[in-house]
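In: Got a sequence here, can you build the structure:
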Amino acid sequence: MQGRHAIEVGPGPGGLTRALLRSEAADVTAVEVDARAVAALGELADASAGRLRIVEADALRTDLAALVPAPRRIVANLPYNIASPLLVGWLRQAAAYESLTLMFQLEVAERICAAPGGGDYGRLAVLAQWTCRVALALRIPPAAFVPPPKVHSAVVHLEPHAAQPDPALFTGMERLTAAAFGQRRKMLRGALRPLLGAEDAEALPRAAGIAPDRRAETLSVAEFDLLARRIAARGAAE
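Out: This is a model prediction of the structure:
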């Protein structure tokens, strides 16, 4: 963390904020929507010698990259009910961050890190692994928290790839994966028909070297990339 600007997003103040302040981060910006947590964080800010800044805002509606200069790292104990949309929003601008170290409910973490072919592999895995190197860094039992939650948790570490998709291609991949995984039992030609039409749902996978009778969970991230680019090129040509 030396010289990096840390952005913390999480449900309430506590050990994470203190740990970041004890690290070599140049400074810490805590984004918190709960006014009570903001007030509690104020005590830490007073003792931080200017290294802790508190931003009272909804992280879902906040451009975190605009809060601090580069190099930036996000470290977050995510509110589990909005963890997935937060992650996808940050992946859209992954190039803005050196890394994201995020705590999720264990089941969500496993979906993010899943490999093709398994039941956990889906839209989150494709979007995360398409834009980042992803690793499940730590599993955390309920007993590690006070009070203990009813679910297990896990920390996922994401390091953005040097080359990132442009915004239009990212949006296209979101639509592609939503359609492809929306009905898992369907073959690609059927799952993509509402998105592409019957003719292109057959032709575009073939043009990308992908049999249209395969199911989405069997496609690698690289194959999704090929298909997303074919679809983008088709749109540009229209």
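In: Could you use CA atoms for every contact and neighbour count after this?
Out: OK.
In: May I ask you to confirm that residue 32 is in contact with residue 59?
Out: Yes: at 7.4 Å, residue 32 and residue 59 qualify as touching, with contact defined as Cα atoms under 8 Å.
In: where do the contact lists of these two overlap?
Out: Residues touching both residue 32 and residue 59 (Cα atoms under 8 Å, 6 or more residues apart in numbering) are residue 9.
In: Run a quick neighbour tally on residue 20.
Out: Residue 20 has 21 neighbouring residues, counting by other Cα atoms under 10 Å.
In: Phi, psi for residue 208 please.
Out: phi -90, psi 10 (degrees, to the nearest 10).
In: Look up how far residue 219 lies from it.
Out: 12 Å (Cα to Cα, to the nearest Å).
In: Give me the more crowded residue out of residue 32 and residue 59.
Out: More crowded of residue 32 and residue 59, by other Cα under 10 Å: residue 32, with 22 against 17.
In: list the contacts for the nearest residue to that one once chain neighbours are set aside?
Out: In space, and not counting its chain neighbours, residue 32 is closest to residue 56: 5.1 Å by Cα to Cα, 6 or more residues apart in numbering. Contacts for residue 56 were tallied using Cα under 8 Å, 6+ apart; they are 31, 32, 33, 34, 35, 38.
In: gap between residue 118 and residue 44?
Out: In terms of Cα to Cα, residue 118 sits 44 Å off from residue 44.
In: Quick one: the helices in the protein, in order.
Out: Here the chain has its helices, by DSSP state H, at 15-22, 35-46, 83-92, 106-113, 123-131, 167-182, 188-191, 193-196, 198-207, 221-237.
In: Present the ones you listed as JSON lines; the columns should include distance to residue 161.
Out: Output for those, formatted as JSON lines (distance: least, Cα to Cα, whole Å):
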{"stretch": "helix 15-22", "distance to residue 161": "24"}
{"stretch": "helix 35-46", "distance to residue 161": "33"}
{"stretch": "helix 83-92", "distance to residue 161": "11"}
{"stretch": "helix 106-113", "distance to residue 161": "15"}
{"stretch": "helix 123-131", "distance to residue 161": "6"}
{"stretch": "helix 167-182", "distance to residue 161": "14"}
{"stretch": "helix 188-191", "distance to residue 161": "27"}
{"stretch": "helix 193-196", "distance to residue 161": "28"}
{"stretch": "helix 198-207", "distance to residue 161": "25"}
{"stretch": "helix 221-237", "distance to residue 161": "14"}
